[in-house]
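Asker: Here you go, sequence then predicted model.
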Amino acid sequence: MSKVSNKKVSEFWNENPVAAEGIEFEPGSPEFYARFDTIREADDCEPYTYSDLIHGYTRSSGKTVLDIGCGNGYVLSRYAMQGATVEGVDITDTAVNLSRKRFELAGLKGHFQTTDGDTLPFPDNHFDIVCSMGVLHHIEDPRPMIKEIYRVLKPGGQIILMLYYRYSWKTVVIMRLKRLFHPNYRGKTQQEALNMNDGDDCPLALVYSKKEAQELLSAFENHKFRLNQLSWKQLLLIPPLAKILTPILPSCNNSIFARLMGWNLYIDARKQR
């Protein structure tokens, strides 16, 4: 594969705001944000209770928080609601504008700006928390941004990332089955199939093992990993069977299957003091 530039990534996400294709309401409308939040907090996505475990929203009052790839402001709004001082950056103007609109509608305070994907317009040792959820795996080389995150974090500050997991059920089983049986995926390489997870024209979606993620964050310490995001529909593979069993089964996201082969790999680490 040829190298995928940040410019190409930016062009795709400018035209395809996260989850907007599956939402019938105009992006930036109150109905759009309400529907997005419902999807985001559904049991087969990232339930709010689990997100609080990852982000520590309820423990963030008085902290300074940066979200890299702020999307439409969902994550930062949860921090802001708890009294954190928040900043959001994104590689697209679309996301920055959607985030600003969400905060305006909710009466929240936050600052948002567009960045180039490799640099951060903030001073050294500035933030208590830097998070980036489902973003850096769309960048060919995230190392410059990781270096920047380290720079802008305070000593002892926390980095929270979500990357796609190399050994997830989706990667190991579903994508391979799609390449065999789904007409849109036949003839595709595994990497091409992974890219299509975020839209047929998505230029890049990389996957990471825990070891690869730790190597990426080698400048940090106290690495902790969690896996999540696996539904019974995905695990059982047969839609009619999943439809019957899902209502009577406990949450798949809280199951051992999700903890072993979930699609979302969460990494929590600290900048050295």
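Answerer: On my side now, so go ahead.

Asker: List the residues that contact the most centrally placed residue in the chain.
Answerer: Centroid-nearest residue in the chain, with C-alpha atoms, centre = their mean: residue 134, separated by 2.2 Å. Residue 134 makes contact with 18, 69, 162-164, 264 under the criterion C-beta atoms under 8 Å, 6 or more residues apart in numbering. From N, CA and C alone the C-beta is placed, and that goes for glycine too.

Asker: Could you do residue 67 as well?
Answerer: Residue 67 sits next to 75-76, 79, 86-89, 130-133 when contact means C-beta under 8 Å, 6+ apart.

Asker: if you set the cut-off to 6 Å instead, what comes out?
Answerer: By C-beta atoms under 6 Å, 6 or more residues apart in numbering, residue 67 lies in contact with 75-76, 88, 131.

Asker: Pass me the low-pLDDT residue ranges in the stretch 1-150 of the chain, would you?
Answerer: 1-2, 47-49 (pLDDT under 70).

Asker: Next up, phi/psi of residue 75, please.
Answerer: phi -60, psi -50 (degrees, to the nearest 10).

Asker: on that earlier part again, the contacts of residue 67: which two are farthest apart?
Answerer: Greatest spatial distance in the contacts of residue 67: 88 and 131, 10.1 Å, computed using C-beta to C-beta.

Asker: From the neighbour counts alone, determine which of these two ranks first.
Answerer: Applying other C-beta atoms under 10 Å to residue 88 and residue 131 shows that residue 88 carries more neighbours, namely 29 against 25.

Asker: Which residues are in contact with the residue lying closest to the more buried one once chain neighbours are set aside?
Answerer: Once flanking residues are discounted, residue 88 sits nearest to residue 70: 3.2 Å by C-beta to C-beta, 6 or more residues apart in numbering. With contact set as C-beta under 6 Å, 6+ apart, residue 70 has these partners: 76, 88, 90, 95, 99.

Asker: Which among the residues you listed count as buried?
Answerer: 76, 88, 90, 95, 99 (16 or more other C-beta atoms under 10 Å).

Asker: Which residues does stretch 187-201 contact?
Answerer: Under the contact criterion C-beta under 6 Å, 6+ apart, stretch 187-201 has outside partners 16, 175, 179, 185, 202, 204-205.

Asker: circling back: which of the contacts of residue 67 sits closest to residue 39?
Answerer: residue 75 (14.1 Å).

Asker: quick check, residue 129 in a strand?
Answerer: Yes - judged by DSSP: H, G, I helix; E, B strand; the rest coil, residue 129 forms part of a strand.

Asker: among the contacts of stretch 187-201, which two are most distant?
Answerer: Pairwise distances across the contacts of stretch 187-201 peak at 22.6 Å for 16 and 179 (criterion: C-beta to C-beta).

Asker: from the contacts of residue 70, which is closest to residue 28?
Answerer: Closest to residue 28 out of these is residue 99 (10.2 Å), distances taken as C-beta to C-beta.

Asker: Can you show me the strands along the stretch 51-200 of the chain?
Answerer: Taking DSSP state E, counting those that start in this stretch, the strands of the stretch 51-200 of the chain run over residues 64-68, 85-90, 111-114, 127-133, 153-164.

Asker: Could you dump these into TSV with distance to residue 6 added?
Answerer: Output for the strands of the stretch 51-200 of the chain, formatted as TSV (distance: least, C-beta to C-beta, whole Å):
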stretch	distance to residue 6
strand 64-68	13
strand 85-90	12
strand 111-114	12
strand 127-133	14
strand 153-164	17
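
Asker: which ones are touching residue 58?
Answerer: Applying C-beta under 6 Å, 6+ apart, we find residue 58 in contact with 52, 82.

Asker: Find the nearest non-adjacent residue to residue 178, please.
Answerer: Nearest one to residue 178, counting by C-beta to C-beta, 6+ apart, is residue 185 at 4.1 Å.

Asker: and that neighbour, how far is that from residue 193?
Answerer: Distance of residue 185 to residue 193, given as C-beta to C-beta, to the nearest Å: 5 Å.

Asker: Look at these two and report which has more neighbours.
Answerer: Legend: neighbour count by other C-beta under 10 Å for residue 185 and residue 193, higher for residue 193 (20 against 16).

Asker: which residues of the stretch 51-200 of the chain fall in helices?
Answerer: Ranges of helices in the stretch 51-200 of the chain, per DSSP state H, counting those that start in this stretch, are 74-81, 93-106, 143-152, 169, 175-181, 190-195.
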